[in-house]
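>>> Turn this into a structure:
(chains A and B)
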Amino acid sequence: MSNENAKCLVEVQDLQEHFPIKTGFFKKTMLKAVDGVSFKINPGETLGLVGESGCGKTTVGRTLLRLYKPTGGKVFFDGTEVTDRNMQTYRKEMQMVFQDPYSSLDPRMTVEDIIGEPLDVHKLYSGKGERRDKILELMSLVGLNAEHATRYVHEFSGGQRQRIGIARALAVNPRFIVCDEPVSALDVSIQAQVINMFEELQEKLGVAYLFIAHDLLVVHHISDRIAVMYLGRIVETADADELNENPMHPYTLSLLSAVPIPDPVTARAQKRIILEGDVPSPLNMPSGCAFRTRCRYATEQCARECPKLTDRGNGHMVACWNH
Amino acid sequence: MADKNNKGNGSPLLQLIDLHTSFTTDNGEVQAVNGVNFTLNEGTTLGIVGESGSGKSVTAYSIMQILEKNGHITSGQILYRGQDITHYTEKQMQDFRGKNVSIIFQDPMTSLNPVYTIGNQISEAILIHSDKTKEEAKAATIKMLELVGINDPEKRFKQYPHELSGGMRQRIMIAMALVSEPDILIADEPTTALDVTIQAQILELMQELQKKLNMAIIIVTHDLGVIAQMADEIVVMYGGRICERGTADHIFYSPCHEYTKGLLRSIPSVENMKKKLVPIAGSPINLLNMPKGCAFCTRCDNAMKICLEEVPPELKMPDGHFASCWMNVKNGNYVSEVPGNE
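I've put the predicted structure just below:
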């Protein structure tokens, strides 16, 4: 086991995150935001995590970095279990880029101070000059000009703010970054700039990403492997191309068929598998397979027992009784 | 007064002629819509695509005349069945909205009133626009709820917006918009706040209802995928002006404006999955600080001297669609200049 762990950079085993929710005066119900998620990420690799809102993909990212304390399960970084360790040392290796470039940057700090803060916290410089040099180097790395250093965040557009957020994450020279919907808040013409930057940084620095997003075309473009989540569980993982060409789980199938393709002829010919109804409330999860209430193939067995992820060849893992 | 001249194709339902809309702000006058021309034909779908600040939503709001207090249509005409509605009084507009043209908004969470029941809010629209009794209105509401695919409509009638999911609320919004049987439905980013599987449901519903009720749709969005699926005709906007307009196939397969070309190159698609995306350089436009010439010139790779100096004229291309780009003048690959534009 430990041997295998050494190969991959990040490993998550049976991660659980339950939040207590008040459902009555004295009554509390556990909301199972993440319910037994396992995956591995190799150095320099991008794992895309997709799913609809409320499926727990953001919670996975945050629990991984211990922004939430996990209810259960283990997180390994570079072969060592970090679940109960002091996270400060590990946060130097694991960083995060947030979705909203407006609320995740302090409006009262200059760009220099925002990018410099992680350097201060981890004491990564010996003098003022070195601090400044490091900041300028990071800024040029993400395509910001040196004269931006003394400005405040409100002077920047969304795309530039996201660059500041990425420079801040890169400041401590991490080996792993959780990117939580980093391009969803950006304009179409700006998205490509930021996606390219993520790819270039990975080539240059060899950093691994957990790329959380709901835009499947973007995720397919940037990821090596993709994991699909539904109601707190992973239902399918495979190589990005394999998942798109040969999806097996009925949920993945309908998710992929629902993506509007930016090509009129393909879009007109597209056969959509329209799912009935909405995602069930995670407070009141269906028994067995969580997807069975919207699944065309659901049988009795699906209601009785929750399917486990099983390998269907070439690391294509699917959790479904029928496929 | 209504001199319908039905030249051109189909029968034009709504025509925008050189529409200008601006907002008075502390920093000066902002030209949000700057000379927009297009025609919407009966029973068809027109997509307006653009990024934030392109003027796509303001164009839609101008048609409904629901601009913020500091916004006003400064010149141009909006012809609905040949009648200019820009001179309508507020009273006339109230009658016009809902009955002739309806709108649904991006955020179904905030566009429903939380303190009234669903039934109350939908039947209100019926009671205003017709002389039906309350019972008749209720029956019509329940029929409408069924039409937009809400199960158990009797129960939903009595429920409040917070009891429904996002997708359901958008269905309620559509029901409310269509209950007085308008000719035109304007959908302003109708699915941006929704998940893909719910988005697919709503888009499918809109297409279905369009066939059933034979209405025209104007869909405003930044999502090229949604546009490709929905639109017959597409208008591409940037910085308050139209870059290019034509059928969906024209825009996607033979774009003639540098912005449209750049936009199509920059989105991930099946073809460029393995390649690097080609982004559009620079940052989004600041409407307070517009370039003198083409709005896109500061971000355009092929900008020439004339692009910086002069606003490009709208040109008719050989395949019949329209583009406003100096590149076409340079290459001489256009048929004629469209008169009436500055």
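>>> how about the nearest residue to the residue in the stretch 1-150 of chain B positioned nearest to chain A, chain neighbours excluded?
Proximity of the stretch 1-150 of chain B to chain A (C-beta to the nearest C-beta) peaks at B:E51, 4.1 Å away. Just so you know, the C-beta spots here come from the backbone N, C-alpha and C atoms, and that holds for glycine as well. Excluding its sequence neighbours, the residue lying closest to B:E51 (C-beta to C-beta, 6 or more residues apart in numbering or on different chains) is A:D187, at 4.1 Å.
>>> Then B:T45?
That would be B:I217: by C-beta to C-beta, 6+ apart, it lies 4.4 Å from B:T45.
>>> for that neighbour, which residues make a bridge with it?
In this entry, B:I217 is beta-bridged to B:T45, B:L185, by DSSP bridges.
>>> Tell me how many other residues surround it.
Per other C-beta atoms under 10 Å in any protein chain shown, the neighbour tally for B:I217 reads 22.
>>> pretty sure it contacts B:E208?
No - at 11.8 Å, B:I217 does not count as touching B:E208 under the criterion of C-beta atoms under 8 Å.
>>> which stretches of chain A have low pLDDT?
Along chain A, segments meeting pLDDT under 70 span A:1-6.
>>> Any idea which residue of it lies closest to chain B?
A:P260 (3.1 Å).
>>> Next, count neighbours for B:H250.
Counted with other C-beta under 10 Å, B:H250 comes out at 22.
>>> per-residue confidence for the residue nearest to it when sequence neighbours are not counted?
The shortest distance from B:H250 to any non-neighbouring residue, by C-beta to C-beta, 6+ apart, is to B:H321 (4.0 Å). Per-residue confidence (pLDDT) for B:H321: 95.
>>> how much space between B:E258 and B:H72?
B:E258 sits 31 Å away from B:H72, going by C-beta to C-beta, to the nearest Å.
>>> What segments of chain A are helices?
A:2-7, A:57-64, A:87-91, A:111-121, A:128-141, A:158-170, A:188-205, A:216-222, A:240-245, A:250-258, A:264-269, A:300-304 (DSSP state H).
>>> want to throw these into CSV with distance to chain B?
Shown next, in CSV, are the helices of chain A (distance: least, C-beta to the nearest C-beta, whole Å):
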stretch, distance to chain B
helix A:2-7, 26
helix A:57-64, 12
helix A:87-91, 31
helix A:111-121, 15
helix A:128-141, 16
helix A:158-170, 6
helix A:188-205, 4
helix A:216-222, 4
helix A:240-245, 8
helix A:250-258, 4
helix A:264-269, 4
helix A:300-304, 19
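>>> CSV for those, including mean neighbour count?
Compiled in CSV, the helices of chain A are given as follows (neighbours: other C-beta atoms under 10 Å in any protein chain shown):
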stretch, mean neighbour count
helix A:2-7, 11
helix A:57-64, 24
helix A:87-91, 14
helix A:111-121, 19
helix A:128-141, 15
helix A:158-170, 23
helix A:188-205, 19
helix A:216-222, 22
helix A:240-245, 18
helix A:250-258, 22
helix A:264-269, 15
helix A:300-304, 14
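>>> Please identify which of those helices is closest to A:G232.
Closest of the helices of chain A to A:G232 is helix A:57-64, at 8.2 Å (criterion: C-beta to C-beta).
>>> what's the closest one in contact with?
For helix A:57-64, the surrounding residues in contact (C-beta atoms under 8 Å, 6 or more residues apart in numbering or on different chains) are A:10, A:12, A:15, A:17, A:33-34, A:37, A:49-51, A:68-70, A:75, A:94, A:96, A:178, A:180-181, A:210, A:212, A:229.
>>> How about stretch B:242-249?
A:264-265, B:35-38, B:47, B:227-228, B:231-237, B:251, B:255-257, B:259-260, B:296, B:314, B:317, B:319-325.
>>> Narrow those to those in helices?
Those of the contacts of stretch B:242-249 lying in helices (DSSP H): A:P264, A:V265, B:I227, B:A228, B:I251, B:Y259, B:T260.
>>> okay, the fourth one: pLDDT?
Meaning B:A228. 95.
>>> Then the last one?
Confidence per residue is given as pLDDT, and for B:T260 that number is 96.
>>> show me the contacts for it.
Here B:T260 is in contact with B:V236, B:C243, B:E244, B:I251, B:A323 (criterion: C-beta under 8 Å, 6+ apart).
>>> got it, and the third one?
Counting by C-beta under 8 Å, 6+ apart, B:I227 touches A:P262, B:G47, B:V49, B:I219, B:T221, B:I234, B:A248.
>>> Equivalent analysis for A:Q95, please.
Contacts of A:Q95 (C-beta under 8 Å, 6+ apart): A:P118, A:A169, A:L170, A:V172, A:P174, A:F176, A:I177, A:V178.
>>> sorry, back to before: got a markdown table for the contacts of B:T260, with neighbour count too?
Below are the contacts of B:T260 laid out as a markdown table (neighbours: other C-beta under 10 Å):
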| residue | neighbour count |
| --- | --- |
| B:V236 | 26 |
| B:C243 | 29 |
| B:E244 | 27 |
| B:I251 | 30 |
| B:A323 | 27 |
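>>> Show me which of the residues you listed is closest to chain A.
Looking across the contacts of B:T260 and measuring by C-beta to the nearest C-beta, the closest to chain A is B:I251, at 8.5 Å.
>>> quick one on the thing from earlier: ok, of the contacts of helix A:57-64, which come out buried?
A:10, A:12, A:15, A:17, A:33-34, A:37, A:49-51, A:68, A:70, A:75, A:94, A:96, A:178, A:180-181, A:210, A:212, A:229 (16 or more other C-beta atoms under 10 Å in any protein chain shown).
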